[in-house]
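A.B. asks: fold the following.
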Amino acid sequence: MPNPPSPSPPSPPPPCPTCLEITLESMLPVPPKAAFEFTEEQCLFIQSRIASEVPAQIAALGLHPMLVNFTANTRLCEPGEINVCGTFYSKQDAKQLEPWMGLQAKFWLQYLAGDCNAVTAGYNFRIKSNPNDCLDVDAGWTCAPENTTFPPCQ
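C.D. replies: The predicted model follows:
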């Protein structure tokens, strides 16, 4: 009697496409005339950092490589929004990155905000995953509005 056919290997889990959205929002009641905006250089730099740091962390955790890596792409750069997109091997792999991504996101935002100077004062920088069913990241960095005190009238 012949041996029964060996079972087929399990199907791989469904891939997990994810974008990280970095947004800029003014907290001032009247936006300044010279509003802060992301430059193309800042956009490409932060996209490149994410594109190199995420795969390095995936490797450090021993997870499957991304199916589509995050990459720098000027078409995803806007004055008030930066996007970077990629596809994780699975939802399970993406979920294992959440603690690290939550911490790392603040460093990425801090780079964009700088030292919260007069130019960035009054802005809220936010990074979140979209969609967040694979990877749930939502972090913010706020540069408080400057307190301007005027001398009393005499």
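
A.B. asks: could you list the low-pLDDT ranges of this structure?
C.D. replies: Residue ranges of the chain with pLDDT under 70: 1, 30-34, 146-154.

A.B. asks: middle-most residue in it, spatially?
C.D. replies: L20 (4.0 Å; CA atoms, centre = their mean).

A.B. asks: how about it: which residues does it bridge to?
C.D. replies: For L20, the beta-bridge partners are V84, S129 (DSSP bridges).

A.B. asks: what residues are up against it?
C.D. replies: Residues counted as contacts of L20 (CB atoms under 8 Å, 6 or more residues apart in numbering) are I50, F70, N83, V84, C85, A105, I127, K128, S129, N130, V137. For the C-beta atoms, the positions are set from N, CA and C on the backbone; glycine is no exception.

A.B. asks: which of those residues count as buried?
C.D. replies: With burial judged by 16 or more other CB atoms under 10 Å, the buried subset of the contacts of L20 is I50, F70, N83, V84, C85, A105, I127, K128, S129, V137.

A.B. asks: could those go into CSV alongside distance to P2?
C.D. replies: Compiled in CSV, the buried ones among the contacts of L20 are given as follows (distance: CB to CB, whole Å):
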residue, distance to P2
I50, 53
F70, 49
N83, 55
V84, 53
C85, 49
A105, 57
I127, 58
K128, 56
S129, 51
V137, 53
